[in-house]
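Visitor: sequence and predicted structure, then a few things I'm wondering about:
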Amino acid sequence: MGKILVTGGLGFIGSHTVVELLEKGEEVLVADNLSNSSMDVLEGIKKITGKNSDFVNVDLADFEKSRTIFESNEIDSIIHFAASKAVGESVEKPLLYYRNNLNSMINMLELSREFKVGKFVFSSSCTVYGEPDQLPVSEQTPVKKAESPYGNTKQIGEEIIIDFVKSHPKLKAISLRYFNPIGAHDTALIGELPLGVPANLVPYITQTAAGIRESLSVFGGDYNTPDGTCIRDYIHVVDLANAHIIALDHCDRMEESYDYFNVGTGSGTSVLEVINSFEKVSDQKLNYEIKDRRPGDVEKTYADTTKANSILGWKAERDLDNMMATAWKWQQTL
Ligand code: UFG
């Protein structure tokens, strides 16, 4: 058995996936350029699992440097997380996003062919659906024109894989379309580490409660939803991590070379419901105000997870209170 290369393995979702892989006895090689993570995460992974994972600091957009990973390791699978992920930044620096996210993807696929890698799992996003015409969003829901260069890199990334496996069907590839990953590991030894002011809801909530931010702005209270705030499908990062492991296993059973799955809980939760859950599990009042809508926000989206449930045999297990409790426990360690 060769190793599983986890690119972006020190990031939020990557690190939780590395933990689950190591706990299942897999051999893992983490590749990360530390652009949005730190070596402390590797320490956290080691403390949780009691195991060492090999680590290489590399920019995967650099083909020759990436190639050396494959020359010195027998890689049989890749879980490809490495990517820039800030929607707003991608609008300001589109070429950076296309260069980072697409070059690294092309390099990983090229090297998969050269070094006979058999399995490839790609982090895609529910952003490919935009504002969906029907809910819940199933995999048959048409993909919409991306609203940001970041979203476009996810759409193009999926298309690149589809075209590539047609020419190289020995590679079995799966795209996982994540809904909104939140929460942290139960041990609070790893979690989300946003750079600067968080753009996402849950780190903003926990930082406000911790006194780092003054008040949470709830973006929009006049949406066409039961309480007027936007609806998302929040999923615990450990549930999401496990979906990757199950997807890798599924590659061995696939007849076609490519498939794609929604990964969410299947239920929609409003911003105010997230806040209520946080207040309950943390036993404190959150300082927040309803403000104007944030440009570009989708009103409501949540997943139809039937395909992942029936074909992968995967289902999210953790509820919103657990997501908020683990996120809060993690914040208190920072
Ligand atoms: N929100 C607030 N206040 C904040 C931050 C967020 O009210 O300070 C609201 C947003 O308006 C939205 C909800 O909380 O209704 C969730 O927002 P996030 O920023 O946490 O998540 P998004 O759904 O906007 O973003 C997610 C992923 C992106 C992906 C995007 C596609 O994090 O990677 O979905 O829509 F691109």
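Guide: Alright, I've got the coordinates. Note that this is a predicted model, so its numbers are computed, not measured.
Visitor: what sits against the residue in the stretch 101-250 of the chain that the ligand sits nearest to?
Guide: Per Cβ to the nearest ligand atom, Cys230 is where the stretch 101-250 of the chain lies closest to the ligand, at 3.0 Å. For the C-beta atoms, the positions are set from N, CA and C on the backbone; glycine is no exception. Contacts for Cys230 (Cβ atoms under 8 Å, 6 or more residues apart in numbering) come out as 219-220, 223, 270-271, 297-300.
Visitor: do Ile182 as well
Guide: 192, 200-202, 234-237, 323-324, 327.
Visitor: which of these fall in strands?
Guide: 234-236 (DSSP state E).
Visitor: circling back: filter the contacts of Ile182 by proximity to the ligand?
Guide: With the criterion set as Cβ under 6 Å from any ligand atom, the members of the contacts of Ile182 near the ligand are 200-201.
Visitor: now stretch 199-213: buried residues?
Guide: For stretch 199-213, a neighbour-count test (16 or more other Cβ atoms under 10 Å) marks 200-209, 213 as buried.
Visitor: farthest pair within those residues?
Guide: Asn200 and Ala209 (14.9 Å; Cβ to Cβ).
Visitor: measure how buried Glu255 is and give me the count.
Guide: 6 (other Cβ atoms under 10 Å).
Visitor: one more: Val274?
Guide: 23.
Visitor: now swap in His80 and tell me
Guide: Residues near His80, counting by other Cβ under 10 Å: 25.
Visitor: helices of the stretch 1-150 of the chain, start to end?
Guide: 12-23, 39-49, 63-72, 87-92, 94-97, 104-114, 149-167 (DSSP state H, counting those that start in this stretch).
Visitor: would TSV of those with mean pLDDT and mean neighbour count be doable?
Guide: TSV is the format used below for the helices of the stretch 1-150 of the chain (pLDDT from 0 to 100; neighbours: other Cβ atoms under 10 Å):
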stretch	mean pLDDT	mean neighbour count
helix 12-23	98	25
helix 39-49	97	17
helix 63-72	97	14
helix 87-92	92	16
helix 94-97	96	15
helix 104-114	98	20
helix 149-167	97	19
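Visitor: mind checking those for the one nearest to Glu317?
Guide: Using Cβ to Cβ, the nearest of these to Glu317 is helix 12-23, at 12.8 Å.
Visitor: out of the contacts of Ile182, who's the most crowded?
Guide: Result: Met323 is most packed of these (other Cβ under 10 Å), 29 neighbours.
Visitor: is it in contact with Tyr234, as I believe?
Guide: Yes - counting by Cβ atoms under 8 Å, Met323 touches Tyr234, with 6.0 Å between them.
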